[in-house]
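> task: produce atomic coordinates for the following.
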Amino acid sequence: MFLIPAQLVSAVTFPGVIVHEAAHLLFCKLRRVAVFKVCFFRFGNPAGYVIHEETDNFTSAFLISFGPFFINSALCILICLPALAPMRLFGLDQPLSYLLMWLGISIGAHAFPSTHDAQCVWRLAKREARKMNALALLSLPMVGLFILGNLLSVIWFDVIYAFGIGFALPAWLFEALS
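Predicted structure coming up:
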């Protein structure tokens, strides 16, 4: 196993960073949470960020923190599926398909919320879970999975996840349909 600096990975997968931060911003705007500063991409740690006011509203915190997971994952699938179709169904090997696969995988590789975002949801979810809030109960194991995913990113789990949903899942679907 070899290590590649996080800045290089972020540079190669910059569309994913931009979409991730745009998703944070989108949910801040939808939930009327004030945004103080936005950086969609930079060469640094973190590669992008959205600084917003803290909220004690669990639903807002859930959407702002976990929204990028849903947006990035969905876009990864929606971009990779039609990119893979000509290759799998018709045997066409087109440069555009490879470009779209890179774009989709880049976006999917940045789906996981940061550990900080997961911990913010955890803090509010514990309180809401005692009230039997269904979303809070669902979010508790999600927090653990996202923190584990962040820990496993040192062995490229985030990229493996993106290939899983962007390449393996559509490939399996095409195989099942044929």
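
> and the helices in the chain?
Taking DSSP state H as the test, the helices found in the chain are 6-12, 14-30, 58-90, 95-108, 115-129, 134-151, 157-163, 169-177.

> need the ones you listed in TSV (columns: mean neighbour count).
For the C-beta atoms, the positions are set from N, CA and C on the backbone; glycine is no exception. Output for the helices of the chain, formatted as TSV (neighbours: other Cβ atoms under 10 Å):
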stretch	mean neighbour count
helix 6-12	15
helix 14-30	21
helix 58-90	20
helix 95-108	19
helix 115-129	18
helix 134-151	16
helix 157-163	19
helix 169-177	13
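
> would you turn the ones you listed into CSV with distance to residue 47 and mean pLDDT?
Shown next, in CSV, are those (distance: least, Cβ to Cβ, whole Å; pLDDT from 0 to 100):
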stretch, distance to residue 47, mean pLDDT
helix 6-12, 4, 79
helix 14-30, 5, 98
helix 58-90, 13, 94
helix 95-108, 12, 96
helix 115-129, 14, 95
helix 134-151, 14, 95
helix 157-163, 12, 95
helix 169-177, 26, 85
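
> to residue 44, which of those lies closest?
Closest to residue 44 of the helices of the chain is helix 6-12 (Cβ to Cβ; 7.3 Å).

> now the closest one - C-alpha only, PDB.
Extracted in PDB, the C-alpha atoms of helix 6-12 (Å, rounded to 0.1, in the frame of the first residue of the first chain):
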ATOM      1  CA  ALA A   6      -4.500  14.200   0.300                       C
ATOM      2  CA  GLN A   7      -4.000  17.400  -1.700                       C
ATOM      3  CA  LEU A   8      -3.100  15.400  -4.800                       C
ATOM      4  CA  VAL A   9      -6.200  13.200  -4.400                       C
ATOM      5  CA  SER A  10      -8.400  16.300  -3.900                       C
ATOM      6  CA  ALA A  11      -6.900  17.900  -7.000                       C
ATOM      7  CA  VAL A  12      -7.600  14.900  -9.100                       C
END
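
> now find how far off-centre it is within its chain.
In this view, helix 6-12 has its centroid 16 Å away from the chain centroid, taken as Cα atoms, centre = their mean, to the nearest Å.
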